[in-house]
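Q: could you work out the structure for the sequence below:
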Amino acid sequence: MESSNLSQKAAAYLQTLCLEAPHRRVGSQGNRLATDRVARTMRALGWQVDCPEFACIDWLQGGARLTVQGDAFDVRVSPFSPGCRAEVPLVVVSTLDELEGAELSGRLVLVRGELAREQLSPKNFPFYNPDEHRRIVGLLEAKAPVAIVAPTSRNPELAGGVYPFPLIEDGDFDIPSVDMTEEEGQRLAARAGQEAVLVSEAARIAATGCNVLARRGPQDRRLVVCAHIDTKENTPGALDNAGGVIVLLLLAELLAGYDGELGIEIFVVNGEDYYAAPGEILYLQQNAGRMEQIRLAVNLDAVGHRQGATAFSLYGCPDEEAVAVRRALSRP
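A: Numbering: from 1, shown residues only. Have a look, this model is predicted:
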């Protein structure tokens, strides 16, 4: 296949994944549309394709409002949080000692300072879950506040550079949670002890998702090439990770006539940007006791295209410089 033809196909796949099937969060219609189209493309190229399913939740939200004695504070619903409507006293905690000693039942708790310096691992996440995170989550659940408000810092290394980043992103954590900026958190902390009104509109919906596995040749000795297809909420996921999936689709076409001794497995993973990593967990379960059959695994993530003058990234760019670049691009 000529390189120009590859580029044309890549552009068409990008259009399909990011514009025709946007917001590929796990459990969503866009996610199901994307996995279905990838599976159909692989089958049309002559690959043996399986789409093992897993249970998950989809999540919808309609925003949040927080007021204290008539003064409004800017908040956003934490991903996968349940909704709530509450009018309760505000309590502020900044350290583990304060959290351990606080009475939080029937209250709204502002979790800030050292407790909110980094995103907490989902409580059932199997790959990374520090003891400190477990302790904070355990204390919050044991003390059972009505809801949590979390002002988080500006840190481009955390949660994809989002500000404020969500302190809690966990569908297994049942205390409603909203996030705000550090500046709003400082303003809200001064209202400790006063009655706060929080209305958060959100709902969890039972759903299913699937991986896509395309195979050629013997699978007892195989090369695995993988990329995740899901995205964070409200993102088209071009770099993270439609680019990786597009490489898999092009590879499937280039290897359509492959007949070597080493088997090939193209693994479209579903759930890397999801609190429970369901696609990865399902794959590990299905291959339990047989991982030695994989001779080499290659994972593709954040694959970009360097050709052209319009491809650039502001990741890690200082705020003032990023603002200047965006202003320049918006000029006619």
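Q: residue contacts, Trp47?
A: Ala214, Arg215, Arg216, Ala252, Ala256, Ile266 (C-beta atoms under 8 Å, 6 or more residues apart in numbering). (Glycine included, C-beta is placed from N, CA and C.)
Q: now swap in Ala202 and tell me
A: Trp59, Leu60, Gln61, Gly62, Ala64, Val77, Ser81, Pro82, Gly83, Pro176.
Q: which members of the contacts of Trp47 are the farthest-apart pair?
A: Put simply, by C-beta to C-beta the two of the contacts of Trp47 set farthest apart are Arg215 and Ala256, 12.9 Å from each other.
Q: so which of the contacts of Trp47 comes closest to Asn124?
A: When the contacts of Trp47 are compared for distance to Asn124 (C-beta to C-beta), Ile266 comes out closest, at 28.6 Å.
Q: tell me which element that closest one is part of?
A: For Ile266, the host element (DSSP states H and E) is strand 263-269.
Q: returning to that earlier point: top of the contacts of Trp47 by number of neighbours, please.
A: Neighbour counts for those peak at Ala214, which has 27 neighbours (criterion: other C-beta atoms under 10 Å).
Q: am I right that that residue sits in a helix?
A: No. With DSSP: H, G, I helix; E, B strand; the rest coil as the criterion, Ala214 is assigned strand and is not in a helix.
Q: surely it touches Glu253?
A: No. Using C-beta atoms under 8 Å, Ala214 is not in contact with Glu253; the gap is 11.2 Å.
Q: residue ranges for the strands of this protein, please.
A: 48-50, 53-68, 71-73, 76-77, 84-93, 108-111, 147-152, 177-181, 195-210, 212-216, 222-228, 263-269, 294-299 (DSSP state E).
Q: save these as CSV, and put in distance to Glu132 too.
A: Formatted as CSV, the strands of the chain follow (distance: least, C-beta to C-beta, whole Å):
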stretch, distance to Glu132
strand 48-50, 40
strand 53-68, 26
strand 71-73, 27
strand 76-77, 25
strand 84-93, 15
strand 108-111, 13
strand 147-152, 15
strand 177-181, 18
strand 195-210, 26
strand 212-216, 37
strand 222-228, 27
strand 263-269, 28
strand 294-299, 28
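Q: Throw those into CSV and include mean pLDDT, thanks.
A: Putting the strands of the chain into CSV (pLDDT from 0 to 100) gives the following:
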stretch, mean pLDDT
strand 48-50, 98
strand 53-68, 97
strand 71-73, 98
strand 76-77, 97
strand 84-93, 98
strand 108-111, 98
strand 147-152, 97
strand 177-181, 97
strand 195-210, 97
strand 212-216, 97
strand 222-228, 98
strand 263-269, 98
strand 294-299, 97
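Q: and Asn5, which of the ones you listed is closest to it?
A: Nearest to Asn5 among these is strand 263-269 (19.7 Å), distances taken as C-beta to C-beta.
Q: chain neighbours aside, what residue packs nearest to Ala206?
A: Spatial nearest neighbour of Ala206, excluding adjacent residues (C-beta to C-beta, 6 or more residues apart in numbering): Ile57 at 6.3 Å.
Q: residues near the one you found, how many?
A: Neighbour tally, Ile57, other C-beta under 10 Å: 19.
Q: need the contact list for it.
A: Contacts of Ile57 by C-beta under 8 Å, 6+ apart are Gly27, Phe80, Gly171, Arg204, Ile205, Ala206, Ala207.
Q: do Val268 as well
A: Here Val268 is in contact with Thr35, Val38, Asn211, Val212, Leu213, Ala214, Cys226, Ala227, His228, Ile229, Val245, Leu248 (criterion: C-beta under 8 Å, 6+ apart).
Q: and what of Phe73?
A: Contacts of Phe73 by C-beta under 8 Å, 6+ apart are Leu66, Thr67, Met180, Glu184, Arg187, Leu188.
Q: thanks again, I'm all set now.
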